[in-house]
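>>> sequence? don't have it. structure:
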C-alpha cells in the first residue's frame, strides 16, 4: 500500500515501526513508496502535534479569535455608516425638493403664497403662543 493511500492511524503505525528500528528504514520506504525525507518530515510534524497537545491550557471556553473580533467591529462600523448614509440621503432628498420648489416658484409655476385664514379674518396672533394669558394673570395677582 502506498503512503498517500494511508489514513492517519496507519501512517502513525508506519512511524512507530520506524522509531522502534525493528524494520530497516530502506525497506519501509520501498514497502510504502515513500522517501526518507517524507518519513522524517512526517515524524517531525507528529512530534510537534504531540507537544502541542500536551501543552497546559487555560480552563473554560476559548474566547473569540482576533479575526472574529475584527469581523464584529467591521460589521458594527458598516451598520453605523449605513445609518449615517440613510440620514444623509434623506437630507439630500429634502434639499433637492426645496430646490425644485424654489425653481418652480422662480419660473412662476407656483402661485404666490396666500395669507393664512387667521390673518385674513383679521385676528392677530399673540407672540409666544398662549403664554400671554398666563403672564397677564401673573401680573394682575402681583398688584
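The structure has been received and is ready for your questions. Because the structure is predicted, anything quoted here is derived from the model rather than measured.
>>> Quick one: the helices in the chain, in order.
With DSSP state H, the ranges of helices along the chain come out as 8-20, 25-32, 36-54, 66-106, 117-120, 131-142.
>>> and of those helices, who's closest to residue 60?
Nearest of the helices of the chain to residue 60, taken as CB to CB: helix 66-106 at 16.8 Å. Yep, even glycine has a C-beta here, placed from its N, CA and C like the rest.
>>> Distance of the nearest residue to residue 72 once chain neighbours are set aside relative to residue 77?
In space, and not counting its chain neighbours, residue 72 is closest to residue 64: 7.6 Å by CB to CB, 6 or more residues apart in numbering. Distance of residue 64 to residue 77, given as CB to CB, to the nearest Å: 17 Å.
>>> repeat for residue 35
51 Å.
>>> do residue 85 as well
From residue 85 to residue 77 the distance is 12 Å (CB to CB).
>>> Residue 45 too?
Distance from residue 45 to residue 77, by CB to CB: 40 Å.
>>> domain parsing for the chain?
Using automatic domain parsing, the domain parsing of the chain gives 3-54, 75-108.
>>> Let me know which of those domains is tucked in deepest.
domain 3-54 (a mean of 12; mean count of other CB atoms under 10 Å).
>>> Compute the mean per-residue pLDDT across that one, please.
Mean pLDDT, domain 3-54: 88.
>>> Quick one: end-to-end length of that domain, please.
27 Å (CA to CA, to the nearest Å).
>>> just how off-centre is that domain within its chain?
Taking CA atoms, centre = their mean, to the nearest Å, one finds the center of domain 3-54 at 44 Å from the center of the full chain.
>>> circling back to that earlier point, the helices of the chain: which one's closest to residue 1?
helix 25-32 (6.8 Å).
>>> Mind listing residues that contact that closest one?
1-3, 6, 14, 17-18, 34-36, 39 (CB atoms under 8 Å, 6 or more residues apart in numbering).
>>> let's go with 7 Å and repeat that
Outside helix 25-32, the residues within contact range by CB atoms under 7 Å, 6 or more residues apart in numbering are 1-3, 14, 17-18, 35-36, 39.
>>> Now the two most distant members of these.
The widest separation within the contacts of helix 25-32 (CB to CB) is 18.2 Å, between 1 and 36.
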